[in-house]
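Asker: Next comes the sequence, and after it the predicted model I'd like to discuss.
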Amino acid sequence: MKKILIIAIAMLMVAPAAQGQSWLKNLGKKAVERAKDRSKQKVEDKVNEKVDKTVDKVFKTGEDIVTGNDKDRDQQTEQTNQQNKQATTAVNTNDPKAVEMAYAKSDFVAGDVVIFEDNVTQEQLGEFPSMWDLREGVADVVTINGEKCINLQKSTEISPLMKDGYAYLTDEFTVELDFFSYGEERDVLNDDYSLYFYQGEGTNTMAFRITFDPSPYQKTLDLTWDWNVGDDSRRGNTEISNLGQEAFHRLAISFNKRALKVYIDGVRYANVPNVTKPDWFLIDHWGNSENAAFIKNVRIAKGAVPLYDRMMTDGKFITYGITFDVGKSTIKPESMGEINRIVKLMQDNPDLKFSVEGHTDSTGNEATNQTLSDARSKAVVDKLVEMGIAATRLTSSGKGQSNPIDDNGTDEGRAKNRRVEFVKM
């Protein structure tokens, strides 16, 4: 890639300005965007670093001669980048207590209405994942460390396969997924993940982009967020140190009308107040390695409605923010944001009492699902009691697969049926 970019610069330097501009435009918007992204990657070689800076300047301005206005804008953008740049330490994902504490302090709350969920567990190994659309490259279902996941081979793009086409993201939404970080022994070079959020059906008009680049050698994660405000492009980034290796990490994105927040393992790293609302998104893997990008547990949900309002309207509220390990009653750490909301609701309203009801989809054995839902509802009650809610205000009840609220014959329906309900007593 470096060689290609060096040749591109040389051609622009020797060609007349007008020809250089024309050649650049013909690269196409998406190619320019990608080349710009790759040119910003961190490198250790000083010569390559100089090349990167030159390429970044060319692709950023789109011309050989930088005008005074362009220089001012570049200086302002650089100042913004420096202000947004951070250096932080990752949560120790090998320490369950540390992970739980990070999520307990997190302000991330998953959306209430799930519109897409893929935990990959029902997919066939070696096949293309059925809930996705392939836009470029090769993707298939594999296992890594004993877990099913989606393997995005080099230069691959996939997007959620939605019934309603492209316009499925609302004014308030959350997107979550698990991504894999390699250990030092794996030969993975310059591979990263990006989530591109676009406006308009089938267009490449970008609202914002989240890029995360795990480095197995430095044990770090380079997290970058780019967004547009009118014609102005802005960027922030941070390097997260001590990233757990040979493990999955949780990326969570929260969008509320125009505010964007980005989290890794429950810790918030980006908080951008003014971002254009997107309509759809895709996941991209760029790099040199065939087997380098693995994702699983992807969920898209509509934004949160206040718990009290839902309870007063329906006499109960349904939550999808409390999740469990597959086939177990172990509450996942990322559930703590929702559990914190419920604790606060009950603290603010001391007369409230709830029956906590666990529900499953119809996958598997009916008796097993009943036992599982019993254990899950009890686990939620135990967690709330542990956090200071009186046991006399809570009961647990497993409903198994007996009360579906959607069609168990569809992926979307099963996702909605896997839920926890808090029914007012």
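Answerer: Yep, that arrived. Numbering: from 1, shown residues only.
Asker: so S233, which of the three states?
Answerer: strand (DSSP: H, G, I helix; E, B strand; the rest coil).
Asker: Would you mind naming the residues that bridge with it?
Answerer: N228 (DSSP bridges).
Asker: all numbers from here: first residue = 624
Answerer: Understood, numbering begins at 624; the last thing we discussed is S856.
Asker: S996 belongs to a helix, doesn't it?
Answerer: Yes: assessed with three-state DSSP, S996 lies in a helix.
Asker: My read is that it contacts V979, right?
Answerer: No: using Cβ atoms under 8 Å, S996 is not in contact with V979, being 10.7 Å away. Every C-beta, even on glycine, is put in place using the N, C-alpha and C of the backbone.
Asker: Now do stretch 851-869: distance to the chain's middle.
Answerer: On the basis of Cα atoms, centre = their mean, to the nearest Å, stretch 851-869 sits 13 Å off its chain's mean C-alpha point.
Asker: Any buried residues in it, and which?
Answerer: By neighbour count on 16 or more other Cβ atoms under 10 Å, the buried set for stretch 851-869 is N851, R857, R858, G859, N860, T861, E862, I863, L866, G867, Q868.
Asker: Same question for stretch 836-844.
Answerer: Within stretch 836-844, the residues that qualify as buried by neighbour count (16+ other Cβ under 10 Å) are D836, P837, S838, P839, K842, T843, L844.
Asker: Dump these into CSV; add pLDDT and secondary structure as well.
Answerer: Converted to CSV, these look like this (pLDDT from 0 to 100; DSSP: H, G, I helix; E, B strand; the rest coil):
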residue, pLDDT, secondary structure
D836, 85, strand
P837, 82, strand
S838, 77, strand
P839, 72, coil
K842, 79, coil
T843, 83, strand
L844, 86, strand
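Asker: And those residues, which is closest to M724?
Answerer: L844 (19.5 Å; Cβ to Cβ).
Asker: That closest one and A762: what is the separation?
Answerer: Between L844 and A762 the computed distance is 22 Å (Cβ to Cβ, to the nearest Å).
Asker: doesn't Q993 fall inside a helix?
Answerer: Yes: assignment of Q993 by three-state DSSP places it within a helix.
Asker: Need the pLDDT of it.
Answerer: Q993 is assigned a predicted lDDT (pLDDT) of 93.
Asker: If I follow the layout properly, S1000 ends up in contact with V1043?
Answerer: Yes: applying Cβ under 8 Å as the test, S1000 and V1043 come out as touching, 7.1 Å apart.
Asker: which residues do the two both contact?
Answerer: Listed as contacting both S1000 and V1043 by Cβ atoms under 8 Å, 6 or more residues apart in numbering are V979, E980, G981.
Asker: re the thing from before, and the buried residues of stretch 836-844 as TSV, adding distance to E740?
Answerer: Below are the buried residues of stretch 836-844 laid out as TSV (distance: Cβ to Cβ, whole Å):
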residue	distance to E740
D836	26
P837	24
S838	30
P839	29
K842	31
T843	30
L844	25
